[in-house]
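Undergrad: just a sequence and a predicted model for now, questions to come.
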Amino acid sequence: MNPWSDATRQWRTVALVALIAFSVGAATAATSVRRRLVYDVERRVESIRTEPNGDKVGTLLEGAEVRELERDGRWVRFRLEGWIWGPSLAGWTEEEEAEEEEQDGPAQGLGQGLDQRQPRAALQQSVPDVRGMVEDRYGVFYSVSYDRDLKQVVLRFRVSGLSPEALEVRQRGAQAEVVGLLADELEVASVRVETNRPDGSGPVGAQIAITPVDHVGDPEERPAAAWRAHTRRSSDGGETWAE
């Protein structure tokens, strides 16, 4: 029996175990690095620049997700996927909307008697006004959209530093104003307002208020209790709803 052979086999076994452990550790570290390549913006507004300390070309809002491509000191070059308002782009032209079948029977709710074949185009024309209304009085505008099946306007914006009561006032006011802006453009049966939590935390969509258009009105004229009685409200993104 050759003792050197046994020692050699033991050494090879130890080396193999060490190599496997190193490979697993390296793979785990690589995975950790890859996961850290995607970040959320923490500041309320952050600037986008052409290069480190370069010219400002835009902004990102709190919660925007970016993917890191490379670094230069404390600067990060990133990739971001998103949407932009088409009419703000030079050379942009609107696509032709496909004609839809005529609806049977009379239209219900706001927009009665209007041509409902192109609600998207009608909404697009009103977006700048809706954005301005929200930015002036209610918060940071995220989006406004229209659910054709539900005949529902969905308005999304971010708030901060409010009490629950103050958020309710903004929900009611925003509903009333967006109905006023879109009444001549769309057939609206209800308005859904989505925000983050009133203290500024959480994602937009955490707080939801859905009100039939017949019960949307000026907060100074319509009693709050009547609004609550006809509004579906959620403070957890729609998981549960207030009675």
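TA: Structure's in. What do you need?
Undergrad: switch to C-alpha atoms for all contacts and neighbour counts from now on
TA: OK.
Undergrad: do I have it right that L37 meets E68?
TA: Yes. L37 is within contact range of E68, at 5.0 Å (criterion: Cα atoms under 8 Å).
Undergrad: elements contacting the helix or strand where V169 lies?
TA: Here V169 sits within helix 164-182, counting by DSSP states H and E. Helix 164-182 sits against helix 119-137, strand 190-195, with contacts defined as 3 or more Cα pairs under 8 Å, 6 or more residues apart in numbering; DSSP states H and E.
Undergrad: rank those by pLDDT, which is bottom?
TA: Mean pLDDT is lowest for helix 119-137 among those, at a mean of 87.
Undergrad: before we move on, back to that, name the surrounding residues that touch the helix holding V169.
TA: Contact with helix 164-182 is made by 123, 126, 129-130, 133-134, 138, 188, 191-193, 198, 209, 213, 216-219, as judged by Cα atoms under 8 Å, 6 or more residues apart in numbering.
Undergrad: can you rerun that using 6 Å?
TA: Defining contact as Cα atoms under 6 Å, 6 or more residues apart in numbering, one finds that helix 164-182 is touched by P198, V216, G217, D218.
Undergrad: quick one: which of the helices and strands packed on helix 164-182 is nearest V204?
TA: Set against V204 and scored by Cα to Cα, the helices and strands packed on helix 164-182 come closest in strand 190-195, at 4.5 Å.
Undergrad: relative to helix 164-182, how tilted is the closest one?
TA: Angle of strand 190-195 versus helix 164-182, following axes from the mean of the first three to the mean of the last three Cα atoms, to 10 degrees, is 130 degrees.
Undergrad: who does strand 190-195 touch, helix- and strand-wise?
TA: Strand 190-195 sits against strand 152-158, strand 207-212, with contacts defined as 3 or more Cα pairs under 6 Å, 6 or more residues apart in numbering; DSSP states H and E.
Undergrad: beta partners of S234?
TA: I208 (DSSP bridges).
Undergrad: ok, it - how many residues close by?
TA: Applying other Cα atoms under 10 Å, we find 19 residues neighbouring S234.
Undergrad: so it sits against W241, correct?
TA: Yes. Using Cα atoms under 6 Å, S234 is in contact with W241, at 4.6 Å.
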